[in-house]
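Enquirer: Output the structure for:
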Amino acid sequence: MFPLCNHQSSIPEVMSGARSFRARATLRARHPENPESIIMSDVQRPDPAFRRVVILTAALFLSYLTVAMSLPAVPVYVVQARGLGNAYGGLAVGIAFLSTILTRGRAGAWSDRIGGKLTMQRGLLIYAVAGLVCLVSNWSGLSAAAGYGVLLAGRLLLGLGESVAMVGMLGWAIGLMGHARSGRVIALVGIGMYGAFAAGGPLGLSLMERFGFSGLMLACTALPLAGLVMIHWLPAVAPHPGPRESFWRIIGRIWRPGTAVFMQGVGFAALGAFFSLYFFSRGWPHAGLGLTCFGIGFVVVRLFCGHLPDRIGGTRVAAISLVVEACGQYLLWLAPGPYAALAGALLTGFGCSMVFPAMGAEVMKRVPPQLRGTAIGGFAAFQDLAYGATAPVVGALADRTGYASVFLVGGLAATLGLWMVLSARTGEQAV
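Expert: Just a heads-up that it's a prediction; the model follows:
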């Protein structure tokens, strides 16, 4: 997008666009014989803002590795090393996600008030402190109960760090790239996050097997500090002045796209929690490939379609995506064999990929610049809630009706999400 065409562009963006225009005019005057080559060289010149956002995404990837690496390792540590039950292991995992949900609003307020760079830096530091606290929980001088309590404190800090770093990074990156490319920014963030989850699980278990829980926590402390070094030299974006609004009033503006994202998250959460058990119950092979197929579909669509919300509109992209996700979930529900089920997982990845960035781009249109951080935080909380609430609810259903039923729920949720997307568009047009 051209900055001069955007009425919300900042003064530096307008000045940069003017300088670029003068530079192109000068080059054309010097080379009148071939102006097309001048235009092509200008178009192909690397975008410095995009490069900076890629660096931010890489730093976010390192921070999310600390979440992903600890995800399978923590329950193993609690049960085997501390001698506690499975319920305690599950609580140690889930409490980090609870912390993330509860602090999204605060993280967004920080981003609006002090800027995305300082907010992301705070988040990465909190990540590092969380790793150190979890490291202390393994101190041999602590009893099992005391060590577990310290571990829970570290996990709470981890959830806070995730919340603050991600919201700060999004606000900073959108400021660098410009509001018109917010969908592209959110798509890049998703690649960093889900790429970390794809790589982090096996890596975390491997590190714990080789170096123990303390070695794993040292790695979880070092990674966000490495990210902090990576982003240190990147330019900050000043927070926008203007009147503030309460978190709940902003939620009132964005609840329709947020609900659509919640409905999209049900399918992913159901697949992540019960795909393997579904295969085992049917006696099918390749139970471990469900998330692999999902991840392939998710990343491929993000890579090749990340620009679409900014080009053709978030509502259209989200509607098509939810149709594809619903088809994937219904195929999983009715799958006659393992390969059809794997195809359903792939379709679910295709469908889930662009809903969050597409609806996120629409959310950015509904709030003024000084409230975007808070809006991002509230918007992300809808997806967090879907991931946290889906597994226990559909798990209870699976106990009664079998594992296939959880994918029926995922398909119905995606269908309801489609209705919510169309409803959000109608509500926007009415306004």
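
Enquirer: what ranges of the stretch 151-300 of the chain fall below the confidence cut-off?
Expert: 242 (pLDDT under 70).

Enquirer: quick one: buried residues of stretch 360-378?
Expert: Neighbour counts over stretch 360-378 (16 or more other CB atoms under 10 Å) mark 360-364, 366-367, 369-378 as buried. For every residue, glycine as well, the C-beta is placed using N, CA and C.

Enquirer: let me fix that: stretch 309-326
Expert: Those would be 309-310, 313-315, 317-322, 324-326, for stretch 309-326 by 16+ other CB under 10 Å.

Enquirer: who touches the closest residue to Ile114 other than its chain neighbours in this structure?
Expert: Excluding the flanking residues, the one nearest Ile114 by CB to CB, 6 or more residues apart in numbering is Pro239, at 6.5 Å. Counting by CB atoms under 8 Å, 6 or more residues apart in numbering, Pro239 makes contact with Ser111, Asp112, Arg113, Ile114, Gly115, Gln370.

Enquirer: just checking, the last one touches Arg244?
Expert: Yes - under the criterion of CB atoms under 8 Å, Gln370 is in contact with Arg244, at a separation of 7.0 Å.

Enquirer: that older thread, what about the contacts of Pro239, which one has the most neighbours?
Expert: Taking other CB atoms under 10 Å as the neighbour criterion, Ser111 ranks highest of the contacts of Pro239 with 31 neighbours.

Enquirer: quick one: contacts for Arg302?
Expert: Contacts of Arg302 by CB under 8 Å, 6+ apart are Ala187, Leu188, Gly190, Ile191, Ser353, Met354, Pro357.

Enquirer: All the helices of the stretch 1-150 of the chain, residue numbers only.
Expert: 11-30, 35-44, 48-76, 86-114, 116-136, 144-177 (DSSP state H, counting those that start in this stretch).

Enquirer: can I see the domain layout of this structure?
Expert: According to automatic domain parsing, the chain comprises the domains 48-233, 244-431.

Enquirer: ends of the shortest one, how far apart?
Expert: Across its full length, domain 48-233 reaches 13 Å between end residues, using CA to CA, to the nearest Å.

Enquirer: What is the distance between it and the centre of its chain?
Expert: Its chain's C-alpha centre and that of domain 48-233 lie 12 Å apart, by CA atoms, centre = their mean, to the nearest Å.

Enquirer: Which residues are in contact with the closest residue to Glu162 other than its chain neighbours?
Expert: Distances taken as CB to CB, 6+ apart place Thr100 nearest to Glu162, at 5.2 Å, with adjacent residues excluded. Shown in contact with Thr100 (CB under 8 Å, 6+ apart): Gly159, Leu160, Glu162, Ser163, Asp384.

Enquirer: tell me which element the spatially most central residue of the chain is part of?
Expert: Centroid-nearest residue in the chain: Gly190, 4.5 Å away (criterion: CA atoms, centre = their mean). In this structure, Gly190 sits in helix 182-231 according to DSSP states H and E.

Enquirer: Between helix 116-136 and that helix, find me the angle.
Expert: 60 degrees (axes from the mean of the first three to the mean of the last three CA atoms, to 10 degrees).

Enquirer: elements contacting the next helix-or-strand element following helix 182-231?
Expert: Using DSSP H and E, the helix or strand that follows helix 182-231 towards the C-terminus is helix 247-282. Applying 3 or more CB pairs under 8 Å, 6 or more residues apart in numbering; DSSP states H and E, one finds that helix 247-282 contacts helix 86-114, helix 290-305, helix 314-334, helix 338-353, helix 355-366, helix 372-401, helix 404-430.

Enquirer: Include distance to Met230 when you put the helices of the stretch 1-150 of the chain into JSON lines, please.
Expert: Below are those laid out as JSON lines (distance: least, CB to CB, whole Å):
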{"stretch": "helix 11-30", "distance to Met230": "23"}
{"stretch": "helix 35-44", "distance to Met230": "26"}
{"stretch": "helix 48-76", "distance to Met230": "5"}
{"stretch": "helix 86-114", "distance to Met230": "19"}
{"stretch": "helix 116-136", "distance to Met230": "10"}
{"stretch": "helix 144-177", "distance to Met230": "12"}
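
Enquirer: could you measure the nearest residue to Tyr194 once chain neighbours are set aside against Phe304, distance?
Expert: Leaving aside its chain neighbours, Tyr194 sits nearest to Phe298 (5.8 Å; criterion: CB to CB, 6+ apart). Distance, Phe298 to Phe304, by CB to CB, to the nearest Å: 12 Å.

Enquirer: So for those two, which residue has more residues nearby?
Expert: Phe298 (25 against 10).
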